[in-house]
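Q: Sharing a model prediction with you, sequence too.
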Amino acid sequence: MLLAAVDLGSNSFRLEIGRQDNGHIQRVEYLKETVRLGGGLDEDHNLSLDAMQRGWDCLARFAERLGGFAHTQVRAVATQTLREANNREAFLHRGSEVLGHAIDLVSGPEEARLIYQGVAHLLPQSDERRLVIDIGGRSTELILGQQFDARAVASYRVGSVAWSAQYFADGRFTANAFERAEVAAQAALEDAAEMFSSSHWELAYGASGTVGAVADILAGAGFERDRIGRDGLLWLKAQLLRAQSADRVRLDGLKEDRRPVIGGGISVLCAVFDLLRIDSLNVAQGALRQGVLYDMVQREHPESDLRVLTVQTLMQRFAVDVDQAARVARTAVDLYGQLRGPGAMGARELAWAAQLHEIGCIVSHVDAHRHGAYILDNTDAAGFSRDELAQLGTLVLGQRGKPRKLDVDMSDTTLALQLLCLRLAKALCHARRDPSTEGLSLRLSGQRFALQARPGWASEFPQSAYLLQEEAAAWNKTPWDLQLDLP
């Protein structure tokens, strides 16, 4: 089975296509284009139209290669530039249409976790404690891990594109500019000094971007291949200072697309070496895009899907009533299965929303649904993209109140069905014990839901019947109708 990952980086867009075989992925094709999306951010953090157009044009070319790929075979992820951009929704909406697949905006910590997965899966199996560093265009990710377990992750707003624009804007290299850039980078990374100190790892690895560019240059100059030592890094900085400007640098291995941002990248790498007391950095083959591919494989199986563990962790952190969460989830998924079939698309997400529907109660029972939605919109949850968390937040928010007042697209059938099933399950489980659902059936015809119960059900469960009647009245003021047959 072919899988594809699209990495919308701040400097380059990349497409990685791999063939999955028994949990392993073999590269089939790799495409990379220098887009410099990050260079298009203005002082107000808005992307210029030119930068967005460069991105859309690249995605259109990727889309041609992805013709025939199902949505389940492709995942596209956006990173720091689009996390910063105020007008990111315009880019992401159009970009998803052009690519033909949804683009997920991932948080910094989630990007770091995916980077580690890519690195770890392409390294030999080992129990070594690792530090992984990825210096991108506008962010730097640091990860501590062992085997496939990322134990500490962090993302910092410092990168080759941003630092080149700020400290080497005219392309000139001076000792003063390098000193200012390195001091500023160390200040931005100051929080990392203790968490990622050398006492926590045995070997350091660098992934992608700046690390790969520096390694290529050093190898071309005769230094050890696939390893960056402090001596090589200082030699390279000296070559830039001798050249005095980016357009005068003549080094084997320096690609033209990397030339405008090499100064910023090296200044950040020098700062990381000094701050974390690194003497030698091994060059890793894996990166974000490989991490996305392996994460797609894990998502196919509930037992390995990290999101399952993350939901359980959130439930524990926010002191959720586990039994109530489980019964609401079971009931909601059962109702959804009656509408869409067992295991239908959207059932997993509905179950997670049901398990998390009471996380806001730890803040206050008053408006707990609003608190819960806020928590999901603003938390870093391993395995989830920003959009996935926002979808869960929408369901948690919609569990209470009038559906017609929700700021959502009610023409989205999947969302409407998920929302209805969650609200019905919550009503049926109001007594915080397993509801009697024998003989209870839910059907859909057009935009009309029909909920039918066995004879005598309403008189046996009058409060449940009352809550369902209120629910029907609420839904009948939306484009959807809910008809009850509760004899």
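A: Yep, that arrived.

Q: show me the contacts for the residue nearest to residue 204 when sequence neighbours are not counted.
A: Spatial nearest neighbour of residue 204, excluding adjacent residues (Cβ to Cβ, 6 or more residues apart in numbering): residue 131 at 4.4 Å. Any C-beta I mention is one placed from the backbone N, CA and C, and that applies to glycine too. The contact partners of residue 131, by Cβ atoms under 8 Å, 6 or more residues apart in numbering, come to 142-144, 196, 200-201, 203-205, 276, 278.

Q: among these, which are in helices?
A: Among those, the members falling in helices are residue 276 (criterion: DSSP state H).

Q: Give the ChimeraX command for selecting the buried subset of the contacts of residue 131.
A: Isolation of the buried members of the contacts of residue 131 (16 or more other Cβ atoms under 10 Å) is achieved in ChimeraX through the command below:
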select :142,143,144,196,201,204,205,276,278
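
Q: now, which of the contacts of residue 131 sits nearest residue 166?
A: Compare each of those with residue 166 using Cβ to Cβ and the shortest gap goes to residue 142, at 20.7 Å.

Q: So what sits opposite that closest one in the bridge?
A: In this structure, residue 142 bridges to residue 133, residue 154 when assessed by DSSP bridges.

Q: any idea how far residue 30 is from it?
A: Counting by Cβ to Cβ, to the nearest Å, the gap between residue 142 and residue 30 amounts to 25 Å.

Q: Could you do residue 6 as well?
A: Using Cβ to Cβ, one gets 12 Å for the distance from residue 6 to residue 30.

Q: ok, back up a step: which ones among the contacts of residue 131 are found in strands?
A: Counting by DSSP state E, the contacts of residue 131 place 142-144, 203-205 in strands.

Q: from these, which single one is nearest residue 307?
A: Looking at those and their distance to residue 307, the nearest is residue 143, at 18.8 Å (Cβ to Cβ).

Q: wait, what's in contact with the closest one?
A: Going by Cβ under 8 Å, 6+ apart, the list of residues near residue 143 reads 112-113, 115-116, 130-132, 150, 152-154.

Q: quick one, phi/psi of residue 177?
A: With angles defined as degrees, to the nearest 10, residue 177 sits at phi -60, psi -40.

Q: quick one, what contacts it?
A: 167-168, 263.

Q: Would you tell me which one of those residues comes nearest to residue 371?
A: Relative to residue 371, the closest of those is residue 167; by Cβ to Cβ it sits at 42.4 Å.

Q: got a list of what the closest one touches?
A: Shown here is residue 167, whose contacts under the criterion Cβ under 8 Å, 6+ apart are 177-178, 180-181, 184, 263-264, 267.

Q: Distance check, the residue most central in space within the chain against residue 374.
A: When the chain is reduced to its mean C-alpha position, the nearest residue by Cα atoms, centre = their mean turns out to be residue 106, at 2.6 Å. Between residue 106 and residue 374 the distance, using Cβ to Cβ, works out to 20 Å.

Q: again with residue 124
A: 44 Å.

Q: Neighbour count: those two, which is higher?
A: The neighbour count for residue 124 versus residue 374, taken as other Cβ atoms under 10 Å, is higher for residue 374 (17 against 5).
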